[in-house]
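Participant: Predicted model and sequence follow; I will ask about them next.
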Amino acid sequence: MTDQAQLLPGTLDLLILRAVSLGPLHGYGILLRIGQISGNALLIEQGALYPGLFRLVRQGLLKADWGTSDNNRRAKFYELTAAGRKRLREETESWNRLAGAIASALSPQPEEA
Amino acid sequence: MKTLDSFRLDIAALFHREHMRSEMDEELSSHIQHRADDLERSGLPRLEAERRARIEFGGREKYKEEIHQSTGGNLLASVLQDIRFALRVLRKSPGFTIAAVLTLALAIGANAVVFSVMNAFVLRPLDVPHAESLYALQHGDEASGYESYADYLDLRDRNRTFESLLAYNATQLGLDDGKDPSSVWVLEASGNYFDTLGLKPYLGNFFHSADEHGPNSAPYIVLTYDYWHTHFQDDHGVVGRVVRLNKHPFTILGVGPRGYNGTLLFFNPEIFIPIVEHPLFGGEDLNTRSAHWVFELMGHLKPGVTPALAIADLNSIGGQLEKAYPKDERKMTFVLARPNLYGDYLGRPVMAFLAGLMLLAGLILLAACANLGSLFAARAADRSREVALRLALGSSRKRILRGLFTEALLISLAGGCLGLAGSVMLLSALSAWRPFPRWPIHIGVNPDATVYAVAVLLALVSGLLFGAVPVRQVLRTNPYEVVKAGSNSRSGRRFTLRDVLLVVQIAICAVLVTSSMVAVRGLARSLHAGFGFDTQNILLAETDLGMADYSTDRVPAMQKRMVEALAALPGVESVGFANGLPMGDDAGNSDIFTDNTTDLKPANAVINAWAYSVSPEYFRAAGTALLAGRAFTWQDDKNAPRVAVVNGVFARKFFGSETSALGRLFKIKDGTRIQVVGIAEDGKYGSVSEEPKAAMFLPILQSPSRSTQLVVRSKRDPQLLGAAMRNALRQLDTGLPVLIEPREGPMGVMLFGPRMATISLGVLGIMGGMLSITGIFGMATYSVSKRLKELGIRIALGAKRKEVLQAALGRPLKLLVLGSAAGLLLGLLATRVLSYIVYQATPRDPLVLFGVVLAMSMLGLIATWIPAQRALSVNPLVLLRED
């Protein structure tokens, strides 16, 4: 657990959108899914998820509905709206561009070798 | 769409805050339970698993707060927060708040009242379908619409530009429905009247063109809804019933639409009868082309016809008629007018007056805004320390400005609502008011949605206006400087925005005070102008023998009996009568020709004179002095030579001088030669503001009339005398409707305009005065409180009272003088405009000038009294100890 990375600001929303893009999930499920798709490499405090979720609902990127979980408990399930799906696509592209640029900037340059 | 959605969520958030909170709780608990389930599966006991899950989750309250914030960039909530804060601030200074709200309530109320009247008089169209294409015919050379019936028929049938043309005339008849005979106002309407206007009956039927078959062929009545409601108690069985009009049987056909009160705004007739019945009641013959008795013609233009085209059409018909009947027709040219207020006759002066009033009311509002603006600026300066602290603590300037505007808007809306409530009360009183008991005049000026919208808009605009005054001040605030230096920092000696606002406001108020004084002086003068008759110790009994169907030969005997009966009452000095009274209605005009004129067409007339048929005693009873010659006797009857008493203007204009007129002859339209036997004093006949007019009096026996206006001179108590008179007349004929009123009664109509003008200008002047008091007071109080410490030091160093006062109040007083001078100048210029409305409004009246100066200095004295006392009572010891 100790080698988990701190989340960059602003990336939690992207992760939530990504997690939910695979199908409706409740809050705890989203957390598990993020752990699963990131190989448990990211440190997210559990409660910190919720302000993000509410914010995304308010922005119209997610919609929420009460339902019953596999554990047979009442839970609020989130899924992407059309706007959310579009936003996820855009954010993913721009993140990839940024990550590529940072990566290439940090990669060993010829004169260093 | 998105903003709308988020707004919806805002509202949902507001109203479902509790619900949301519990939902959020449930969601977070659900998360913890799910985590606990997982932990339990990995082997922990349930209790331990739940404890661990809660710890892992982190600070639950903290996250809840974060959630609130993430959803709570909630605009609505923050606006509510602003409002709550503003209310708290305003509550802390109730004096300021109340003064500001009242100031604005007065100003907005005044505007709402004036606008409402304007709306009802001018802006709102007549309440008939397609009012936009409805026009009234008006003479090209005069703002009136009288036509003869024969001309109406020609205009109606020959024009190609109107859908159809209706005609109507108003008159008063006695209606007897078997119970109490009463006099009613009647609209004599052409057969096509209701069809032209596109009205549908509420009950029964209307009469139509097809019902007219020449004179007196259509004895039908249509009741107005209101008359049916009040006199027939909504009786649906009224259709088909026969009632008597001046003793003639008429059948009730139906009831007009609800709320329809005739074609003339504010003149509400009670019944409609076909205009072809006019001769039945002793009216003019329908074929007489020279008798222009039909009140007004109007109609809808055909689609696509412009007013200009219609005017050309009418003028060409007029030209043909002039050629065909040169003896009877005056110049026949036409213009079209909006029907509401009898075309331009009333419409134009009323419009001009209301526009002027609206302008003044707007000035009041502007003055109030300037007033509040300077108060707000002063407050902002006082609060500069608070503002600085808030800025230093990280509040944004935007947020602080928002707070200030919220305060301004709250005050303006409160003021607006209060003002509107006041004006609604005033207006409903005005609407219920019947200014002239003898005329069916209703002033329906109840406010409608437009008025409310305008008032709220005015409130908002003025709130933004005076709220914007301190903006620059806040933007310039440097928190560091202010906190360091304390609140004593003074902005130099130059004129500040506040000073300018105060001068502007005082100038506006001085304009208002000047105009109201000019108006009051004008009215006072017009009331003391020589009327040419007495208004004191006179009681009138007005009746029309036609209403009880007296035949012409029975009229003189009845009139004599009435005079005798009234003269026999105790305390009565003399009794005369006339067919109509100066400054009353019912009087006629006559063209006057020289004795040797043979072609008696209107164009050859030398003058036009008011004509009254009077009894021998009339001059004594009315108090009209004879300057020369004799009054009439009962011997001046049908068999005697025709004689007349003329007034001074008549004599001078027609014969050159008063002395040369006696014994001379003149001719009237029917060719009768009349000899002048007396000269009466000049007077007022049509209106108080008229130019001197020619008038003549004829013996009642030589030009008889059934209209009988008895003038009773007596010093007895009018109440008692009136009852006795009514009794005496009732004993002569129980079925004769009689109106008893003081001499001013019929004059009310003439004096109404000037009186209303004076009252409204007076009210605006008083409001202006009040506004300048609060303005100067605010300024003076502020300047004293700002310099309290300085004053204390001055007093401590031995300054005299005069010097202290000069230091404290010199500046506000200087501004007052400056503003008053500017206002007085503007006001004097404005009286040129006023003179159109108010009789004899002359600005070069020393009394007015003196009055304005006196009023403004009184206002200044009142407004600076309290601050001056405060400045003088400064105790330097207490004051210097404070900081």
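Facilitator: Received, thanks.

Participant: can we go C-alpha only for contacts and neighbour counts from here?
Facilitator: Fine.

Participant: what about the residue minimising distance to the centre of chain A, distance to residue B:125?
Facilitator: Most central in chain A under Cα atoms, centre = their mean is residue A:15, positioned 0.9 Å from the mean C-alpha point. As for residue A:15, its distance to residue B:125 is 66 Å (criterion: Cα to Cα, to the nearest Å).

Participant: For burial, what's the neighbour tally of residue B:499?
Facilitator: 17 (other Cα atoms under 10 Å in any protein chain shown).

Participant: and the longest helix for the chain?
Facilitator: Going with chain A. In chain A, ranked by residue count with DSSP state H as the criterion, the top helix is helix A:82-106.

Participant: could you do chain B instead?
Facilitator: From DSSP H, the single longest helix across chain B is helix B:744-786.

Participant: tell me the mean pLDDT for it?
Facilitator: Helix B:744-786 carries an average pLDDT of 77.

Participant: What residues does residue B:503 make contact with?
Facilitator: B:815-816, B:818-819 (Cα atoms under 8 Å, 6 or more residues apart in numbering or on different chains).

Participant: let me redo that: residue B:140
Facilitator: Per Cα under 8 Å, 6+ apart, neighbours of residue B:140: B:332-335.

Participant: Please list which of the residues you listed also come close to chain A.
Facilitator: Near chain A, judged by Cα under 8 Å from any Cα of the partner chain, there are no entries from those.

Participant: For residue A:45, see how far away the closest residue to chain A within chain B is.
Facilitator: Closest contact between chain B and chain A, by Cα to the nearest Cα, is at residue B:67 (4.3 Å). In this view, residue B:67 and residue A:45 are 15 Å apart by Cα to Cα.

Participant: thinking again about what came up before, so which two of the contacts of residue B:140 are the farthest from each other?
Facilitator: Spatial extent of the contacts of residue B:140 (Cα to Cα) is set by the pair B:332 and B:335 at 10.3 Å.

Participant: Between the two, which contacts overlap?
Facilitator: Joint contacts of residue B:332 and residue B:335 (Cα under 8 Å, 6+ apart) are B:139-140.

Participant: How about the residue nearest to the centre of chain A, nearest residue that isn't a chain neighbour?
Facilitator: For residue A:15, ignoring the flanking residues on the chain, the nearest one in space by Cα to Cα, 6 or more residues apart in numbering or on different chains is residue A:34 at 6.7 Å.

Participant: ok but the one you found is inside a helix, no?
Facilitator: Yes - Residue A:34 forms part of a helix when assessed by DSSP: H, G, I helix; E, B strand; the rest coil.

Participant: Give me the neighbour count for it.
Facilitator: So residue A:34, with other Cα under 10 Å, has 21 neighbours.

Participant: So for it, what's the pLDDT?
Facilitator: 88.

Participant: quick one, what contacts it?
Facilitator: A:15-16, A:19, A:40.

Participant: the more surrounded of residue B:67 and residue A:45?
Facilitator: The neighbour count for residue B:67 versus residue A:45, taken as other Cα under 10 Å, is higher for residue B:67 (20 against 12).

Participant: The more buried one against residue A:58, yeah?
Facilitator: No - between residue B:67 and residue A:58 there is no contact under Cα atoms under 8 Å: 10.8 Å.
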